[in-house]
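Q: Provided below for reference: sequence and predicted model.
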Amino acid sequence: MKLRHNELALTPILGWVLGLAFFILAPLTLIVVHGGYSIPSFYEVNDSYSHVDLSTGEFRIPIIVVWASLLFSFLAVLFFTPTAGESRQRFGAPINESSLKRAVIVTAGVAIFTYATMIQMVGGVGVFLVSHWYNRQEELVARLGDWHVLFSQFSLANQILFTAGAALFTHTQMKRRKYDRLFWIVIFFLFLLQIVMTGNRIFFALYLLSFAASCWLYRRKTPIVILLAAAPVLISVFSAWNYFRSDLSAIGKNIPTYVEGDLGNRSVTSLMDAFEGVDTMILLHMINDFGTKYDYLYGASYARVLYFLVPRSIYPEKPSGFSVRMAAVYEPGNLGSLAVTQFGECYANFGPFSLLLLPLATVIIMKLSASLAGQMQNHALLSAVVFVLFIWVARSSFEDNFITFVLAFVLSGSLRLEKGLVSRNVVWRASESAPI
């Protein structure tokens with residue numbers, strides 16, 4: 001509530017709090033209420049993280065550590081957020097909706113081009129449909145090397161720009177109570193296309209969280225009611241897609257396995273899928289494992305931002321990214337990557353000190369929001385990008401999000417996506433304590 005009283009914008013601290021609540025607090029609460037959780041066998045995940053049983057006491061310490069860290073983080077927001085009188089933005093530069101629509105369409109066009117290129121690289125539509133969404137990426141990296149890595153990184157940055165543009169458009173519509181339903185349908189269709197082509201639901205999930213945040217900020221009750229009414233259907237569809245996306249050509253054959261494999265526990269599984277609860281399952285195991293079974297990384301995963309642009313052709317010994325390293329630990333022998341939440345990355349690096357480091361990161365994000373408020377007012381799209389990435393960073397690695405932001409900045413400038421987006425005739429003003 002304090003964030004809403006202080007600002008009506010999509011800011012880094014709002015994104016961070018949303019990410020912590022959705023990707024860590026929600027699945028953790030579900031696990032505690034349910035007394036634990038076991039990932040259904042048809043997902044074929046490794047036994048090293050597929051079960052959390054709270055009746056044995058094995059996970060008592062991990063639960064307490066995560067709860068305490070989240071509590072301290074939310075208290076940091078409560079106590080360190082400036083008062084409304086000190087921080088509320090008085091004059092906001094208006095967004096030109098025509099320019100914003102142009103930015104959304106341009107990024108959508110770039111995305112469609114990357115889809116077509118991907119289909120051509122894998123050998124045609126038929127091969128694309130029967131290939132596993134993650135394995136085909138690994139195959140292309142093995143075949144094309146650094147060029148495909150760079151292509152994938154720019155494609156990801158473009159998807160974030162599209163998601164941020166869609167989120168900013170929705171936010172602007174909520175602010176003005178002016179709803180362009182046709183363009184919303186276009187956005188919805190583009191997200192569906194993105195899900196089918198990449199197998200990834202996260203961008204649509206980020207958009208829905210942004211949509212909910214905008215409704216909450218401006219107290220738009222009707223859209224919130226509609227979103228809540230649609231939530232059971234969205235959760236069920238997202239959960240099913242999490243299983244079927246591995247082979248689109250075999251959906252009919254896999255339906256019985258999916259329907260019969262988790263009888264009596266379908267609601268909990270669907271919610272865990274929607275909240276990306278597997279990440280929290282791994283997090284709880286990591287707190288037990290790191291410092292005993294595995295050595296701490298002592299900041300190594302964060303240090304990767306210093307040399308992430310160096311290609312492997314020049315630096316063959318370059319360490320893998322954090323998510324790939326976690327896959328090697330918890331899914332040995334399988335190609336892939338695992339997101340383990342930002343708290344998981346922090347704990348893998350610094351152990352029990354993470355109990356204080358996550359709240360400290362929250363304070364730093366608040367200060368960053370305040371210091372950048374004036375500059376970001378003139379870069380509305382990049383401001384929305386930062387908001388979206390801070391939702392995402394709560395469940396993924398810092399390095400990945402840092403790279404994505406840098407490339408999104410480059411791509412936004414190259415495509416001139418912010419041209420005409422913000423009126424330069426309106427002077428931004430704020431008191432010494434800028435809005436968070």
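A: Thanks, I have it. Numbering: from 1, shown residues only.
Q: how about the strands of the stretch 251-400 of the chain, start to end?
A: Listed in chain order, the strands found in the stretch 251-400 of the chain under DSSP state E, counting those that start in this stretch amount to none.
Q: Val141 contacts Val149, doesn't it?
A: Yes: between Val141 and Val149 there is a contact under Cβ atoms under 8 Å: 6.1 Å. In this view, the C-beta of every residue, glycine as well, is placed from N, C-alpha and C.
Q: list the buried residues for whichever strand or helix holds Ser73?
A: Using DSSP states H and E, Ser73 falls within helix 60-80. For helix 60-80, the neighbour count (16 or more other Cβ atoms under 10 Å) marks Pro62, Ile63, Val65, Val66, Ser69, Leu70, Ser73, Phe74, Ala76, Val77 as buried.
Q: turn those into a markdown table, including pLDDT.
A: What follows is those, written out as a markdown table (pLDDT from 0 to 100):
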| residue | pLDDT |
| --- | --- |
| Pro62 | 95 |
| Ile63 | 95 |
| Val65 | 94 |
| Val66 | 95 |
| Ser69 | 94 |
| Leu70 | 95 |
| Ser73 | 93 |
| Phe74 | 92 |
| Ala76 | 90 |
| Val77 | 88 |
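Q: list the contacts for the spatially closest residue to Arg304 that is not a sequence neighbour?
A: Of all residues not flanking Arg304 in the chain, Glu399 sits nearest, at 4.6 Å (Cβ to Cβ, 6 or more residues apart in numbering). If a contact means Cβ atoms under 8 Å, 6 or more residues apart in numbering, then Glu399 has Ser301, Tyr302, Arg304, Val305, Phe308, Gly321, Phe322 as its contacts.
Q: repeat that for Ser313.
A: By Cβ under 8 Å, 6+ apart, the residues touching Ser313 are Gly145, Asp146.
Q: about what we covered before: gap between the residue nearest to Arg304 and Gly145?
A: Between Glu399 and Gly145 the distance, using Cβ to Cβ, to the nearest Å, works out to 20 Å.
Q: please apply the same query to Ile287.
A: Taken as Cβ to Cβ, the spacing of Ile287 relative to Gly145 amounts to 36 Å.
Q: measure His34 to Ser55 for me?
A: 11 Å.
Q: over to Val196?
A: Between Val196 and Ser55 the computed distance is 41 Å (Cβ to Cβ).
Q: then Arg416?
A: Counting by Cβ to Cβ - Arg416 and Ser55 are separated by 58 Å.
Q: give me the more crowded residue out of those two.
A: With other Cβ atoms under 10 Å as the criterion, Arg416 and Ser55 differ in neighbour count, and Arg416 comes out ahead with 12 against 8.
Q: could you check the pLDDT of the one residue sitting closest to the centre of the chain?
A: A centroid search over the chain (Cα atoms, centre = their mean) returns Trp392, at 2.4 Å, as the residue closest to the centre. Predicted confidence (pLDDT) for Trp392: 93.
Q: now do the one 5 residues further on
A: Looking at Ser397, its pLDDT is 88.
Q: so what's it closest to, chain neighbours aside?
A: Of all residues not flanking Ser397 in the chain, Phe322 sits nearest, at 4.1 Å (Cβ to Cβ, 6+ apart).
Q: next one: Val52
A: Nearest in space to Val52, with sequence neighbours left out and distances taken as Cβ to Cβ, 6+ apart, is Gly36 at 4.9 Å.
Q: picking up where we left off before, need the contact list for the residue nearest to Ser397.
A: Residues in contact with Phe322, defined by Cβ under 8 Å, 6+ apart, are Ser301, Arg304, Glu345, Ala348, Ser397, Glu399, Asp400.
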